[in-house]
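Visitor: just a sequence and a predicted model for now, questions to come.
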Amino acid sequence: MEGHRLPTPTPTPTPTPSSWIVKPFDHTRVTLAPSLFTENRDRVLNFLRAYPADRMLAVFRTNAGLDTHGAQPPGGWETADGNLRGHYAGHYLSALCLAYAGTGEQVYKDKADHMVGALGECQDALAALVGTDDPAAPSRAGYLAAYPETQFALLEQYATYPRIWAPWYTCHMIMRGLLDAYQHTGSERAFRIVQGMGDWAYSRLGHLPRTQLDRMWKIYIAGEYNAMPVVMADLYAHTGDEKYLTTAKCFDNTYLFEAAVADRDTLDGEHANQHIPQYQGYLEIYEQTGEQQYFTAAGNFWDMVVPHRTYVDGGMAGSGEMFGARDVIAATIQRDNAETCCVYNMLKLSRSLFFHTADPKYMQYYERSLYGQILSSRRNTSSDTDPLLTYFVPVNPGARRSYGNLGTCCGGTGLETHAKFQDSVYFSSTDGSTLYVNLYLASTLDWPERGLTVTQSTDYPTDPAGTSTLTITGNAQLDLRLRVPYWAERGFTVRLNGVPQPVAAAPGTYVSLNRRWRTGDRVEIAAPFTLRIERAPDDPATQAVAYGPLPLVIRSPATEYQNLTLYRDYPLSRDLSRVIRPTGEPMTFTADGLTLAPFHINTTASYHMYFKRAEPAIVFGATDTGVENRTNSAGLTFLDEVWDRGPFRNRGGLVRAVTDVADERTAAGDLTQTQRRVLIEAAARAQFPS
């Protein structure tokens, strides 16, 4: 399954919106070669092959009065009387279709076809009940769910959780799975089923007043509708039927929508994953209508989340499933953090915003989250019966990752995420003149429209040299754009056929090579990994360490923050590898007697993603001044301010920085004149590691 593919499936993609300037390649066009990502993908594919589809279908068949063939529901939230039953089948169907698109293996299409056929039978059986007094009878044909329509009626009466549990959320997952079956496997039957569901959704919502809809969508959990506006906008794109676009707009969540349009950050305390998919929906409505306010809402929302509510691994900062306040990171750290579904949906929103803007910031976040939380969200072992995926990815001291989640939302989105790692490695401009290389991930792009094949060979992210080689087959004029990672502090170099290229490679941008490419051309990229410290904005003493794109965690069973003292060992170059030292084990380090390792290296042991910086006295090398290393109003210590002005080419540069900071602190009354003199003299005579 790795490095080659079987006969290519025939996709039925959603039409490309006219507002896009960049577009993705179909999943069938990108083949992944062995890497950390394919290892986790193949574990998920093993589960998809092995787990019985009839267990996913049991709750649907029961509701429709059909034979379950002896199958039992999966469990978790998928039980015979669970109020969210049916949602996981949608995730499972989407994952099967993505697996088929990514590998070409018939087994996934066969299972997807089986599910589509069974869901169609359930929809037909429910339609036959319309007008009867059967408790399962829906209001009209087209309805498809694993429970009666009662939940939807109760929501319209403002019922709250747990009496009902997000009926439109569940509806979305079923519709998404069916649309994915249409788009990735070409299933016309799936499209007929999802059209029927869309017709039913219009009949349910199209006549409701805006005030009623607004009140429904504000209800915690019960009013959660996931990406319903996305699937309705997709139906409109495929059919041109206005009722689907009208239904998509029924899901406008006015109180948050208007705030986002006005760029008012009101997210504190909001249920994160209840709202993230809404903004993807607004973006798709914009794509179909050109109404600018929908694009503005999506873009402003993204900017409220990234980086203001993001941990070092890309996870969502807040309390449990709730967004925290803007720029409050340290104060949110607790046991239940960073719901995996949130990152799944933020990745979708990020790539879609990139299609409209080509703004590198969206793909910088994409890399952070993909190589951070997502790569760490699957246990590194296989199971036929359990997806072994995370729900929360906690960042508190002494946290442990818990794997499982058969039948939960994150167990479902995780199936999809791990089946589509190829979806954002490469993009093209809509006119085909430009190729964007977004992710350094071993893969091959087949681009027959341009007569090109691009093969990327790399061990990224396990190679700290950060090298990747692109080999071209074909002949075409093309602007090749290479993403320069945000963390590339030691430079980003490009060689074309062995010749260094004069590229202006600023971190967080793309560099361009525009030429006529020929078979055998080779582009060699190097972005050497460096260690870096990331501070929490609300408490700069709460910090994390990353190595290139990978967050590092401290291995420790302690449940209190671990302290690190680092400035005493800093060289003038500010090279953290002289302070956080390699152990000899690949990509593993030690500092202050503690071991730091990449987060994706799976264990169920305790870890610390964040630590406390302990720098009580002002020291320069081995010279302790005896002066307290106080913080200023921004939470930065004297040494923070000094070393933030580095690296220093020589001791004179350090002395100038110490003098400048000491003058500022003295003027503010934080230092005496005597202390100022002591600090400057100590810096002038201190010895530092070479």
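Guide: Noted; the coordinates are in hand.

Visitor: any regions of the protein where pLDDT drops low?
Guide: The chain contains residues with pLDDT under 70 at 1-8, 602.

Visitor: which residue, other than its chain neighbours, is closest to I554?
Guide: Nearest non-adjacent residue to I554, counting by C-beta to C-beta, 6 or more residues apart in numbering: H608, 4.0 Å away. C-beta here means a position set from N, CA and C on the backbone, and glycine is covered the same way.

Visitor: tell me the phi and psi of the one you found?
Guide: Backbone torsions of H608, given as degrees, to the nearest 10, read phi -130, psi 110.

Visitor: kindly report the same for the one 10 residues further on.
Guide: In terms of degrees, to the nearest 10, the main-chain angles of I618 are phi -80, psi 110.

Visitor: please parse the protein into its domains.
Guide: Following automatic domain parsing, one gets these domains for the chain: 1-7+31-157+167-206+384-422, 426-463+465-526, 530-562+581-611, 615-690.

Visitor: of these, flag the one that's most buried.
Guide: Neighbour counts (mean count of other C-beta atoms under 10 Å) averaged over each of the domains of the chain peak at domain 1-7+31-157+167-206+384-422, with a mean of 21.

Visitor: excluding residues flanking it in the chain, which one is nearest K243?
Guide: Y202 (4.5 Å).

Visitor: ok, which stretches of the stretch 351-500 of the chain are strands?
Guide: With DSSP state E, counting those that start in this stretch, the ranges of strands along the stretch 351-500 of the chain come out as 389-390, 403-404, 426-429, 434-437, 443-447, 452-458, 467-473, 476-483, 493-496, 499-500.

Visitor: can you list the ones you listed in CSV and add distance to I554?
Guide: As requested, the strands of the stretch 351-500 of the chain are exported to CSV (distance: least, C-beta to C-beta, whole Å):
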stretch, distance to I554
strand 389-390, 19
strand 403-404, 21
strand 426-429, 36
strand 434-437, 33
strand 443-447, 33
strand 452-458, 28
strand 467-473, 28
strand 476-483, 30
strand 493-496, 32
strand 499-500, 38
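
Visitor: mind checking which of those is nearest L178?
Guide: Judged by C-beta to C-beta, the one of the strands of the stretch 351-500 of the chain that comes nearest to L178 is strand 389-390, at 22.7 Å.

Visitor: what helices and strands are in contact with the closest one?
Guide: Strand 389-390 sits against strand 403-404, helix 409-418, with contacts defined as 3 or more C-beta pairs under 8 Å, 6 or more residues apart in numbering; DSSP states H and E.

Visitor: could you dump the last one to CSV, C-alpha only?
Guide: In this case it means helix 409-418. In CSV, the C-alpha atoms belonging to helix 409-418 read as follows (Å, rounded to 0.1, in the frame of the first residue of the first chain):
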residue,chain,number,x,y,z
CYS,A,409,-16.5,12.3,17.9
CYS,A,410,-12.7,12.5,18.1
GLY,A,411,-12.5,8.8,17.4
GLY,A,412,-14.4,9.5,14.2
THR,A,413,-12.5,12.6,13.0
GLY,A,414,-9.3,10.8,13.8
LEU,A,415,-10.2,8.0,11.4
GLU,A,416,-10.6,10.6,8.7
THR,A,417,-7.5,12.6,9.5
HIS,A,418,-5.3,9.6,9.4
